[in-house]
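K.L.:
Below are the sequence and a predicted model; questions follow.
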Amino acid sequence: MSLKFLKLSQGVLSATVAYPLAEKLEKRDIRAKFRELKKYYRLPFQQRKLIAEKRLIETIEFAAHHVPYYRDLFRNISFNVSQLKKDTRYLQEIPLLTKDIIREQGDRLLSAPLERVRHHVCKTGGSTGLSAHIFYDQIAADYSSAVTLFARRAIGKSKHKFETHFACRFPDDVPQKWPTREDFKCFAMNRNNIFFDSVDSQGLEEIWTALKKNPAYLVHAHPSTVYALACYIEKTQGTAKAFEVFESSGELLEPYMRELISKALQCRVVDRYGLAELGVMAYELSDQGGLQVLDSEGWPESQPLENSSGDEQLIFTGFRNRLMPLIRYCTGDMAKVETLDDGFYLTNVVGRIHDIVPINGVDHPTHHIQDMLDHRVGGIQEFQIDLRSKPPILKIVPEPSANTEEIQSKVKEFWGQGFEVNFVGHDEFTRVGRHAKFRHVVTQ
């Protein structure tokens, strides 16, 4: 019996049995929302745009009545929601929402106490500003999952086709006996995880071996990691193939990365734009390319910066999350929203960049270090790594209740003498670039 047949059988079983069972056990409703999205995107854009305008108004009306922050804001600026029904350009009278405001306002951005609502918390990555916690209600979480299914189906990745997800390997992980909850989740998703912690030659060879051992249709990972893999394959083999599609996520996909990944790994490269605050909001849905805004999920805007640089900041109003509606949220990324015949598109995207950090002579991706600090060290509000000294300086803003000695001990446990740890305030971070943007890694 061939491996291809076994993979196909596993995929069919996953799609028809395991996924519906997991959905029922987790009390989720994703497939119905997926079908809803398929029906919605069959509509012509002009009809979708009218629906999106209606959802925009409904979202703002809801926030005006149920969210303390917006209730007070609209009263203070004398904003009348009914004006939007005449012209959506009145939206620009609402001040932008930022991470700083989210951090400052806290529970005042919620429409209901958390203890009364089934919810999910998501911490923003901090690559475009200091981190904040975002709370999703269950409906919003289900739509977010349905959007991913829909977008992947649009590029040919149906449920029965296998996928691989790159994930952080924690050095203190204790192997658990099969089957675990994660094992069942992976079976239901028809997915496997490749765990890694470095992108030196040894780490990249381990990744490639794992990909060849368990071929997938789609690989989901940060572009900086897969670009490093493409460079390694070009150096060692010239070209090689282990999967059909690379789905970029989490940071900016540079044109030079796309070109080499496509060439060296002989795969189609698909970009998407997503953020912890709202989920996936734009995707390359067709072979013609272009990041098409998912207008079922939110209303896009772009606004020129005041410094006359020509850059525009990307702004979204999300439609789905009634627990924590985000209205005119400033993403911290630069992009221009263009309206074409078939939808809104993002162009000139400039955003989050994840760097490579050498620790004790081994290269590590920034997102791995971030995962370690979040999930293994803990008690950290924000961090920055200054590579201009040896060893690098790890600047940490601890949570008010955190034990700094315990943080320092865990950092040393995981990385030895790889960092000099400094506990600082937010104002002691180094800002880079002409926009004085926050970066997790400072190199100059």
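P.N.:
Everything's here; your move.
K.L.:
Give the buried residues for stretch 43-50.
P.N.:
Of the residues in stretch 43-50, those buried under the neighbour-count criterion (16 or more other C-beta atoms under 10 Å) are 45, 48, 49. Placement of C-beta: from N, CA and C, glycine included.
K.L.:
no wait, stretch 147-161
P.N.:
147-155, 157, 159-161.
K.L.:
List the contacts of it.
P.N.:
8, 11-12, 14-15, 19, 30, 34, 37-38, 41, 163, 190, 217-218, 244-245, 247, 268, 270, 272, 279-280, 283-286, 294, 296-297 (C-beta atoms under 8 Å, 6 or more residues apart in numbering).
K.L.:
hey, C-alpha coordinates of it in PDB?
P.N.:
The C-alpha coordinates for stretch 147-161 follow below in PDB (Å, rounded to 0.1, in the frame of the first residue of the first chain):
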ATOM      1  CA  VAL A 147     -11.900  32.200   7.300                       C
ATOM      2  CA  THR A 148      -8.700  30.100   7.300                       C
ATOM      3  CA  LEU A 149     -10.500  27.100   5.900                       C
ATOM      4  CA  PHE A 150     -12.100  29.200   3.200                       C
ATOM      5  CA  ALA A 151      -8.900  31.000   2.100                       C
ATOM      6  CA  ARG A 152      -7.000  27.700   1.900                       C
ATOM      7  CA  ARG A 153      -9.800  26.100  -0.100                       C
ATOM      8  CA  ALA A 154      -9.500  29.000  -2.500                       C
ATOM      9  CA  ILE A 155      -5.900  28.000  -3.300                       C
ATOM     10  CA  GLY A 156      -6.700  24.300  -3.700                       C
ATOM     11  CA  LYS A 157      -6.000  23.100  -0.100                       C
ATOM     12  CA  SER A 158      -9.100  21.100   0.700                       C
ATOM     13  CA  LYS A 159      -9.600  19.400   4.100                       C
ATOM     14  CA  HIS A 160      -8.400  16.000   2.900                       C
ATOM     15  CA  LYS A 161      -5.000  17.400   1.800                       C
END
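K.L.:
same question for that stretch, mean pLDDT?
P.N.:
Regarding stretch 147-161, the rounded mean pLDDT is 94.
K.L.:
Relative to the whole chain's centre, how far out is that stretch?
P.N.:
Counting by C-alpha atoms, centre = their mean, to the nearest Å, stretch 147-161 is centred 17 Å from the centre of its parent chain.
K.L.:
Show only the entries of the buried residues of stretch 147-161 found in strands.
P.N.:
Judged by DSSP state E, these include no members of strands.
K.L.:
and the two most separated of those?
P.N.:
Across those, the longest distance by C-beta to C-beta is 19.5 Å; it joins 147 and 160.
K.L.:
mind giving me the domain split of this protein?
P.N.:
If you go by automatic domain parsing, the domain ranges for the chain are 1-352, 356-442.
K.L.:
which one of these has the lowest average pLDDT?
P.N.:
Ranked by mean pLDDT, those end with domain 356-442 at the bottom, a mean of 86.
K.L.:
thinking again about what came up before, and the contacts of stretch 147-161, which of them are buried?
P.N.:
Those of the contacts of stretch 147-161 that meet the buried threshold are 11, 14-15, 19, 30, 34, 37, 41, 163, 190, 217-218, 244-245, 247, 268, 270, 272, 279-280, 283-285, 294, 296-297, by 16+ other C-beta under 10 Å.
K.L.:
quick one on the thing from earlier: which one of the buried residues of stretch 43-50 sits closest to residue 140?
P.N.:
Each of these was scored against residue 140 by C-beta to C-beta, and residue 48 proved nearest at 19.6 Å.
K.L.:
separation between the nearest residue to that closest one once chain neighbours are set aside and residue 356?
P.N.:
Distance criterion C-beta to C-beta, 6 or more residues apart in numbering; nearest residue to residue 48, sequence neighbours excluded, is residue 295 at 5.5 Å. Residue 295 sits 36 Å away from residue 356 when distances are taken as C-beta to C-beta, to the nearest Å.
K.L.:
So for the two, which sits in the more crowded spot?
P.N.:
residue 295 (22 against 16; other C-beta atoms under 10 Å).
K.L.:
quick one, what contacts that one?
P.N.:
45, 48, 49, 52, 343, 344 are the contacts of residue 295 under C-beta under 8 Å, 6+ apart.
K.L.:
Helices along the chain, start to end?
P.N.:
Ranges of helices in the chain, per DSSP state H, are 3-13, 19-25, 31-40, 45-66, 68-76, 83-86, 99-105, 138-154, 181-189, 201-213, 223-236, 255-264, 366-372, 404-415.
K.L.:
Provide the contact partners of the first one at residue level.
P.N.:
Think helix 3-13. 159, 160, 161, 162, 187, 190, 215.
K.L.:
same thing with the fifth one?
P.N.:
Helix 68-76 is touched from outside by 60, 63-65, 79, 81, 94-95, 101, 105, 108-109, 325, 327, with contacts defined as C-beta under 8 Å, 6+ apart.
K.L.:
and if we set it to 7 Å?
P.N.:
Applying C-beta atoms under 7 Å, 6 or more residues apart in numbering, the external contacts of helix 68-76 come out as 63, 64, 105, 108, 109, 327.
K.L.:
Need the max-distance pair from the residues you listed.
P.N.:
Taking C-beta to C-beta, the two most distant members of those are 64 and 105; they sit 15.4 Å apart.
K.L.:
quick revisit: who wins for proximity to residue 443 among the helices of the chain?
P.N.:
helix 366-372 (11.6 Å).
K.L.:
Which elements pack onto the closest one?
P.N.:
Other elements packing on helix 366-372 under the criterion 3 or more C-beta pairs under 7 Å, 6 or more residues apart in numbering; DSSP states H and E are strand 163-168.
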